[in-house]
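Peer 1: starting from these lines, generate the structure:
(one chain, ligands or ions: 1)
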Amino acid sequence: MKNIVLFGKPGAGKGTQASVLKEKFELVHISTGDVFRYNISNQTELGTLAKSYMDKGELVPDSVTINMLSDEVDRSIAQAKGYIFDGFPRTTAQAKALDAFLSEKGMQVDATIALEADEDELTARLLERGKTSGRTDDTDETKIRTRFAEYNAKTAPLIDFYQKQNKLYSVNGIGEIDQITERIASIIASL
Ligand code: AMP
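Peer 2: Numbering: from 1, shown residues only. Just a heads-up that it's a prediction; the model follows:
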């Protein structure tokens, strides 16, 4: 089992890279953002709750997100050769819950791969993506700035959290998609 956390600011390319890497390494891809969007489009109770935060660019509360993630893992664990977590964890409470949850199953986070890119570059990317993604949180610069502020306040401390566990790998997130995939793939292959 190889369990990988893909980490980075909004727009850093986590989803794009996870989609390629899951095929290459036969990993189950779990994107908490995608699970929330699925619930929103199916008008579930969870979707309605998540939307009220996502529409503002804020993080959905930990308790809701952690339970949802553990349900997703439980659902797929029988066939999984490992996971690629995309957009989770985003807070220290989530990271601790993930460690506890995986260790109960005899697993761990093997590597956290941080995709690095600066905020101006990412804002331009997100606004471009917003033209076609249908994501309302990608079309409004104020919401994008709130997402960065949430990242800086709540998610950035995880860099230290994973560095202390010797699990953090930084990757330059600027360049062609294929080049970036290669950078990440060489780290996963070396684990
Ligand atoms: P993403 O698709 O990863 O950009 O996530 C879109 C939005 O979903 C975020 O701005 C948050 O509102 C919410 N979200 C996704 N993952 C999480 C998480 N791990 N914790 C809290 N909120 C999340």
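Peer 1: when you work out contacts or count neighbours from here on, use the C-alpha atoms and nothing else.
Peer 2: Noted.
Peer 1: what pLDDT does the residue nearest the centre of the chain get?
Peer 2: With distances taken as C-alpha atoms, centre = their mean, the residue of the chain nearest its centroid is Gly87 (1.5 Å). On pLDDT, Gly87 comes in at 97.
Peer 1: who's in contact with it?
Peer 2: Leu6, Phe7, Gly8, Lys14, Ser31, Thr32, Gly33 (C-alpha atoms under 8 Å, 6 or more residues apart in numbering).
Peer 1: return only those of the residues you listed found close to the ligand.
Peer 2: Thr32, Gly33 (C-alpha under 6 Å from any ligand atom).
Peer 1: pLDDT, distance to Met54 and secondary structure added to the contacts of Gly87, as a markdown table?
Peer 2: Output for these, formatted as a markdown table (pLDDT from 0 to 100; distance: C-alpha to C-alpha, whole Å; DSSP: H, G, I helix; E, B strand; the rest coil):
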| residue | pLDDT | distance to Met54 | secondary structure |
| --- | --- | --- | --- |
| Leu6 | 97 | 20 | strand |
| Phe7 | 95 | 18 | strand |
| Gly8 | 96 | 17 | strand |
| Lys14 | 96 | 18 | helix |
| Ser31 | 98 | 14 | strand |
| Thr32 | 98 | 12 | helix |
| Gly33 | 97 | 9 | helix |
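Peer 1: which of the contacts of Gly87 lies closest to the ligand?
Peer 2: For these, the residue nearest the ligand by C-alpha to the nearest ligand atom is Gly33; the value is 3.5 Å.
Peer 1: can you tell me the closest non-neighbouring residue to that closest one?
Peer 2: Take Gly33 and drop its neighbours on the chain: the residue closest to it by C-alpha to C-alpha, 6 or more residues apart in numbering is Gly87, 6.8 Å away.
Peer 1: can you pull out the strands in this structure?
Peer 2: Applying DSSP state E to the chain gives strands spanning 2-8, 28-31, 82-86, 111-116, 168-172.
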